[in-house]
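Undergrad: Dropping a prediction and its sequence here:
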Amino acid sequence: MTVLKIGLVATSDRASQGIYRDQGIPALEDWLARALATPYQTVTRLIADEQPQIEAALIELIDAQGCHLVLTTGGTGPAPRDVTPDATLAVADRVMPGFGEQMRQVSLHFVPTALLSRQIGAIRGASLILNLPGQPKSIKETLEGVKDASGVTVVPGVFAAVPYCLELLGAPRVDTHPQVVAAFRPKSASVPKEPLA
Ligand SMILES: Nc1ncnc2c1ncn2[C@@H]1O[C@H](COP(=O)(O)OP(=O)(O)OP(=O)(O)O)[C@@H](O)[C@H]1O
Ligand SMILES: Nc1nc2c(c(=O)[nH]1)N[C@H]1C(S)=C(S)[C@@H](COP(=O)(O)O)O[C@H]1N2
């Protein structure tokens with residue numbers, strides 16, 4: 001049985017030079033451990049904000065390592081060295097605009113500067129790439145969404161749509177813990193397809 005493989009990429013000049021400790025990959029690992037109910041493996045990369053290096057990492061994770069999903073963190077803003085969305089676009093076959101739109105929508109509930117993120121979702125081959133902002137707290141915020149004081153989801157995070165998206169791309173089935181994030185699948189998705197007469 002194929003196990004879901006997830007690439008985790010932190011792009012940070014200072015963390016990659018050891019000026020501060022990388023918190024991006026640990027935050028991604030922690031969130032996935034809380035959210036996913038089905039088995040998965042991760043492959044991690046910590047790199048500088050250099051477009052050729054980011055492109056090479058994305059290509060390697062998808063084409064050589066076989067990652068079904070790649071989550072990046074960092075480098076999505078307007079500063080000259082923020083180039084993660086540009087690297088993602090350069091290696092992508094198709095853009096999935098809804099992911100960027102929804103992440104900015106969710107993030108506006110946390111920070112007014114949410115609209116400064118150029119984060120995108122894109123497909124390379126049969127793999128999904130999602131850019132998350134660099135602030136480690138934004139990983140939970142964008143993936144999980146906005147909840148009220150009693151834990152009820154008010155604005156869904158983008159991960160609610162990831163399992164069905166991955167399924168449409170031919171990846172293994174992903175189940176989530178609904179108290180963290182409830183994966184949504186259209187009812188028609190669970191109806192077995194009738195063979196054509
Ligand atoms: N991998 C990381 N680990 C810990 N904190 C991070 C990381 N990446 C980003 N941050 C924090 O989030 C902020 C915004 O992230 P952004 O990607 O814009 O980084 P930056 O300001 O260009 O700096 P750098 O690339 O040196 O991390 C950073 O200034 C830093 O405080
Ligand atoms: N959920 C969430 N989204 C967020 C933020 C945040 O703290 N939480 N920070 C914003 C800020 S301040 C910036 S500049 C942009 C780009 O951030 P990046 O360059 O760290 O990727 O993301 C925005 N999106």
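TA: Arrived safely, thanks for sending. Ligands and ions are numbered 1, 2, ... in the order given.
Undergrad: CA only for contacts and neighbour counts going forward, please
TA: OK.
Undergrad: Now do stretch 73-93: distance to the chain's middle.
TA: The gap between the average C-alpha position of stretch 73-93 and the chain average comes to 14 Å, counting by C-alpha atoms, centre = their mean, to the nearest Å.
Undergrad: Likewise for stretch 56-72?
TA: Counting by C-alpha atoms, centre = their mean, stretch 56-72 is centred 12 Å from the centre of its parent chain.
Undergrad: Start and end of it, how far apart?
TA: With C-alpha to C-alpha, to the nearest Å as the measure, the ends of stretch 56-72 fall 13 Å from one another.
Undergrad: which outside residues touch it?
TA: Taking contacts as C-alpha atoms under 8 Å, 6 or more residues apart in numbering, the residues outside stretch 56-72 that touch it are 4-11, 43, 45, 84, 88, 91, 124, 126-132, 166, 171.
Undergrad: And those residues, which of them are buried?
TA: In terms of neighbour count (16 or more other C-alpha atoms under 10 Å), the buried residues within the contacts of stretch 56-72 are 4-11, 45, 84, 88, 91, 124, 126-132, 166, 171.
Undergrad: you'd agree residue 189 is in a strand?
TA: No: when DSSP: H, G, I helix; E, B strand; the rest coil is applied, residue 189 is found to be helix, with no strand at that position.
Undergrad: Surely residue 89 touches residue 123?
TA: No: no contact is recorded between residue 89 and residue 123 when judged using C-alpha atoms under 8 Å, the distance being 9.2 Å.
Undergrad: In which helix or strand does residue 45 reside?
TA: Per DSSP states H and E: residue 45 is located in strand 40-47.
Undergrad: Only alpha carbons, please: show that strand as PDB.
TA: What follows is strand 40-47 as a C-alpha-only set of coordinates in PDB (Å, rounded to 0.1, in the frame of the first residue of the first chain):
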ATOM      1  CA  TYR A  40       2.100   9.400   6.400                       C
ATOM      2  CA  GLN A  41       5.800  10.100   6.000                       C
ATOM      3  CA  THR A  42       7.500  13.500   5.800                       C
ATOM      4  CA  VAL A  43      10.600  14.600   4.000                       C
ATOM      5  CA  THR A  44      12.000  18.000   5.200                       C
ATOM      6  CA  ARG A  45      14.200  20.700   3.700                       C
ATOM      7  CA  LEU A  46      15.400  23.900   5.300                       C
ATOM      8  CA  ILE A  47      16.800  26.300   2.700                       C
END
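Undergrad: That one vs ligand 2: in contact?
TA: No: in terms of C-alpha under 6 Å from any ligand atom, no part of strand 40-47 sits within range of ligand 2; the closest distance is 13.9 Å.
Undergrad: Can you spell out which helices and strands pack onto that strand?
TA: Under the contact definition 3 or more C-alpha pairs under 8 Å, 6 or more residues apart in numbering; DSSP states H and E, strand 40-47 sits against strand 4-11, helix 13-16, helix 51-59.
Undergrad: 7 Å instead?
TA: Applying 3 or more C-alpha pairs under 7 Å, 6 or more residues apart in numbering; DSSP states H and E, one finds that strand 40-47 makes contact with strand 4-11.
Undergrad: can you tell if the strand holding residue 45 touches ligand 1?
TA: No: judged by C-alpha under 6 Å from any ligand atom, strand 40-47 stays clear of ligand 1, getting no closer than 7.6 Å.
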